[in-house]
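Engineer: the amino acid sequence is not available; the structure is as follows:
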């Protein structure tokens, strides 16, 4: 589950999840819900495999979203489906989506960057919690 929160001129995501994998998947969903107004219309016609390594899970979460944003900006592919697994400090993901079509997918915010500002990643009694602020 994710929700948005306002942060000065930026936008924040708060994600709560029972598993680390699902937290990363939900964070990706939040990113693309911030970018497009009709994320439910994104078809899984293109599939990519992504791998990242980072010793800090907090930084891995930020880098994961930055990689997705960079891929969206450079390849013009918008994603809707994410399968994340971990092998130690390495994130392995299968991401699915389709070429971005502004008329079909709509546009919410222009996300410019995933920030480090007030980045939160916590494990608690009910699972995992993260807060991420993006520059819009």
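Structural biologist: Thanks, I have the structure now. Since this is a predicted model, take the numbers as computed values, not measurements.
Engineer: CA atoms for contacts and neighbours, from now on please.
Structural biologist: Will do.
Engineer: low-confidence ranges in the chain?
Structural biologist: 2-9 (pLDDT under 70).
Engineer: quick one: the helices in it, in order.
Structural biologist: 20-35, 57-75, 102-105 (DSSP state H).
Engineer: please identify the deepest-packed of those helices.
Structural biologist: When the helices of the chain are scored by mean count of other CA atoms under 10 Å, the highest mean neighbour count falls to helix 20-35 (a mean of 22).
Engineer: on that earlier part again, between the helices of the chain, which one is closest to residue 89.
Structural biologist: helix 57-75 (7.6 Å; CA to CA).
Engineer: circling back to that earlier point, save the helices of the chain as JSON lines, and put in distance to residue 44 too.
Structural biologist: Formatted as JSON lines, the helices of the chain follow (distance: least, CA to CA, whole Å):
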{"stretch": "helix 20-35", "distance to residue 44": "13"}
{"stretch": "helix 57-75", "distance to residue 44": "14"}
{"stretch": "helix 102-105", "distance to residue 44": "13"}
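Engineer: out of those, nearest to residue 1?
Structural biologist: The nearest among the helices of the chain, by CA to CA, is helix 20-35 at 6.5 Å.
Engineer: next, the angle from that closest one to helix 57-75.
Structural biologist: Per axes from the mean of the first three to the mean of the last three CA atoms, to 10 degrees, the angle that helix 20-35 makes with helix 57-75 is 40 degrees.
Engineer: what's helix 20-35 in contact with?
Structural biologist: Contacts to helix 20-35, defined as CA atoms under 8 Å, 6 or more residues apart in numbering, come from residues 1-3, 13, 15-17, 39, 61, 64-65, 68, 78-86, 107-111, 127-130.
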